[in-house]
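Asks: Sequence and predicted structure below; questions after.
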Amino acid sequence: MTIGYLALGSNLGDRMSYLTQAVTYLSETEGISVLGKSKIYETEPYGDVPQDNYLNAVVKIETSIEPIKLLDITQGIEAKLGRERLIRWGPRTIDIDLILLGDKHVNTERLTIPHIEIKKRSFVLIPLKDVYEEDTLFGQTLENLINQTGNKEEVWETTESW
Ligand SMILES: Nc1ncnc2c1ncn2[C@@H]1O[C@H](COP(=O)(O)OP(=O)(O)OP(=O)(O)O)[C@@H](O)[C@H]1O
Ligand SMILES: Nc1nc2c(c(=O)[nH]1)N=C(CO)CN2
């Protein structure tokens, strides 16, 4: 069994409903247990594409599923929730990224774990801090990593509950 962390993001339509439905699908999948959910954060769009604010969150899972099979599952959930891949880094009903899977390292054309952008994204690291069970990541505290992202986009805690 492996402890893993998945980052969720939505900036189209009923954002909260997409996040909730994604977690429901994950928890109904055989071989995945959802152990924890971060708070929900409203975040300014990161990257060069002008678009609406996101809701972002991180969920902690336990799984026996191999990384590439897990990607098939998360992409299947994205498809069920109406995700269309129109623009790279563009607006989406739901995005599910595999952030960390135990101490696994994967470097293939389809999958990179740990997620290649993690150190740059406060909209991932801040919610990760809510559910992360270790003291350090890449030899540093999450607080230090958050301070080093260099991204200026705002991240606000919301009162949304799930
Ligand atoms: N750790 C990972 N989690 C999810 N997808 C990944 C990961 N590593 C590589 N990928 C690949 O990235 C491809 C593009 O993913 P996606 O369409 O979600 O991109 P994006 O959301 O626009 O950008 P980003 O992945 O940087 O958030 C996927 O088809 C998948 O094969
Ligand atoms: N704030 C925020 N910005 C983004 C996000 C996201 O989830 N949140 N996802 C992106 C593409 O994966 C691009 N930019």
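Replies: It's in. Ligands and ions are numbered 1, 2, ... in the order given.

Asks: quick one, helices of the protein?
Replies: Secondary structure of the chain by DSSP state H: the helices cover 15-28, 67-80, 122-131, 142-148.

Asks: ranking those helices by burial, who's on top?
Replies: Compared across these, helix 122-131 shows the largest average neighbour count, a mean of 22 (mean count of other Cβ atoms under 10 Å). Every residue, glycine included, has its C-beta placed from N, CA and C.

Asks: returning to that earlier point: and of the helices of the chain, who's closest to ligand 2?
Replies: Closest approach to ligand 2 among these (Cβ to the nearest ligand atom): helix 122-131, 4.3 Å.

Asks: and that closest one, anywhere near ligand 2?
Replies: Yes - using Cβ under 6 Å from any ligand atom, helix 122-131 reaches ligand 2 at F123.

Asks: what's the answer for stretch 40-58, then?
Replies: Yes - legend: contact between stretch 40-58 and ligand 2 by Cβ under 6 Å from any ligand atom is shown at T43, E44, P45, Y46, G47, Y54, N56.

Asks: Ends of that stretch, what's the gap?
Replies: 8 Å (Cα to Cα, to the nearest Å).

Asks: what's the average pLDDT for it?
Replies: Stretch 40-58 shows a mean pLDDT of 95 in the predicted model.

Asks: Begin at 48 from now on, thanks
Replies: With the count now opening at 48, the last piece we talked about shows up as stretch 87-105.

Asks: Quick check: the gap between T49 and L147.
Replies: To L147, T49 is 9 Å away according to Cβ to Cβ, to the nearest Å.
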